[in-house]
Structures are given as C-alpha cells and as structure tokens.
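3D, please:
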Amino acid sequence: MNNETQAFQNPVNMTDLSPVEWPEANPAPSMACIARLETVDKGQDLLLRVLSEAPWFDRNFSLTLYGKGPDESYLRELIKYRRLEQKVSIVGHFRDQREVWLKHELLVLPSHSEGTPLTLIEAQLCGRPVLVTRVGGNPDWVEEGVTGFIAEAPTVHHLRLALEQAWQARDRWQAMGRAARAGCLAKRNPDPCGSLLKLLLEVGQNAGKRKPET
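Next up, the predicted model:
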C-alpha cells in the first residue's frame, strides 16, 4: 500500500482505537455481518444458504446481521425458510462498533462488490479476524490464514470453502484477531483527513505555479 493510497483512506467511525476484550468462552462461535441489507451487493443470502446446509446446519454457532436496507424483509423470510431462526438474527443498526465486538468473534462479509469497507478496518482495529470475498480492497487488508480468510469469489462454493477453513481454525481466532489489529495499524493512515487536505493544498499550489497558456 503506497502513500497515495493511504491519503485516500476514509476515517473510521471510532474514537477509541484500543483493542476490545475478547468475548468470554462460548461453546457457540459468534459471527457478525455488518453491511447494508441489500443482497445484490452484500451477499447475505449466499451466507444464509451455506449456513443452512450440512455440515453447518448441525453445528453450534450464532450469526448476527447488523444493518438496514431494502432486503430486510426478504432476509427475515429467508432465515425462516432456511430454518435458521435459532442461530441467525437481524438487529438493525448499532451505536458503537466496539459493543458489537464485545459479543462477537469473527466478521463475515460475503460481498459481491466493495470498495474498502470501513467495517473491515474497524473490526480489525478492535482485534477481530475477518472473512471476506476477494472483491474491491478486501484482499489488501487480509492475509489468508493469518489475519482472516478470503473466499476467492462471491459464490456459494467459494464461501463454503472459506467458512470451513474458518471453522477448522476457530481455536486460533483470538490470535488472528491480534495479528489483524497489528497489520491494520501498520497499514492504516493515522490521519487520513489531514493527508487528504495536504494533498489538495499541494495540488492547488502546483496549479498556481503553472504558466498561463498563450
């Protein structure tokens, strides 16, 4: 990641950037998907399909969908259709990213398209591993098997493979979260707004130095 790319990072929606305490021991690994409820872009329906099939249907886990959007009613019906009511819930918007990660251990983003989602950066800063699809800027922030997991494409097949890798490595999620935080801090521009302002000022100064065309 070069300096120019760093200058165009968006600021995170957090004032406290300290790591969030890992949730207490829970026999049911807890996952969160934080995204607009619009499946054409965010792919929550793919995730629900995988979790409704063997071997996931017989596993003890929980998934919380955070967000609002046009597909909320559809996703609620899909949860019922997939018989996932006891394991998957939709809770709408959240006030504080840190409150989310006091209860959850892994971020899952089954996206069809992305830029670089702030929820990914924020989860890593809180000390959580992530599972993402190889779209947009996602792979720039995730090291496979070290800080998280990457589904090679936003398809049921590839998402199934990545989720299985995550499940088999769940005893390492906490250590991966620490590695994700360290890696994020190394890549993260600590002052993206200041860097952007500096760049704009430099562009303006350079424009002022140009000789007028004759």
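
Residues in contact with stretch 132-146: which ones?
If you take CB atoms under 8 Å, 6 or more residues apart in numbering as the criterion, stretch 132-146 is touched by 1, 43, 109-117, 120-121, 124, 130, 147-154, 158-159, 165, 169, 176, 179-180, 183-184, 187. Backbone N, C-alpha and C define where each C-beta goes, glycine included.

Could I get the buried residue list for that stretch?
Residues of stretch 132-146 classed as buried by neighbour count (16 or more other CB atoms under 10 Å): V132, T133, R134, V135, G136, G137, N138, W141, V142.

sec struct for the fifth one, please.
Secondary structure state of G136, per DSSP: H, G, I helix; E, B strand; the rest coil, is coil.

rewinding a little: quickly name whichever of the buried residues of stretch 132-146 is closest to Q97.
W141 (15.8 Å; CB to CB).

quick one: that closest one from T15, how far?
Counting by CB to CB, to the nearest Å, the gap from W141 to T15 is 21 Å.

on that earlier part again, output the buried residues of stretch 132-146 in JSON lines; the columns should cover distance to A32 and pLDDT.
Shown next, in JSON lines, are these (distance: CB to CB, whole Å; pLDDT from 0 to 100):
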{"residue": "V132", "distance to A32": "13", "pLDDT": "98"}
{"residue": "T133", "distance to A32": "16", "pLDDT": "98"}
{"residue": "R134", "distance to A32": "20", "pLDDT": "97"}
{"residue": "V135", "distance to A32": "19", "pLDDT": "97"}
{"residue": "G136", "distance to A32": "19", "pLDDT": "95"}
{"residue": "G137", "distance to A32": "20", "pLDDT": "93"}
{"residue": "N138", "distance to A32": "16", "pLDDT": "96"}
{"residue": "W141", "distance to A32": "17", "pLDDT": "96"}
{"residue": "V142", "distance to A32": "16", "pLDDT": "97"}
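
element containing L131?
Assigned by DSSP states H and E, L131 belongs to strand 130-133.

Direction included, what does that strand pair up with?
Partners of strand 130-133 in the sheet, by DSSP bridges, are strand 106-109 (parallel), strand 148-151 (parallel).

Next one: the closest residue to L84 other than its chain neighbours from G69, what distance?
Spatially, and ignoring its direct neighbours in sequence, L84 is nearest to S52 (5.8 Å; CB to CB, 6 or more residues apart in numbering). Computed with CB to CB, the distance linking S52 and G69 is 21 Å.

Poorly predicted segments of this protein, please.
1-13, 190-214 (pLDDT under 70).

One more pass at 50, please.
1-8, 193-200 (pLDDT under 50).

just the helices in it please.
3-7, 39-42, 44-51, 72-81, 97-101, 118-125, 138-141, 156-168, 173-187, 192-209 (DSSP state H).
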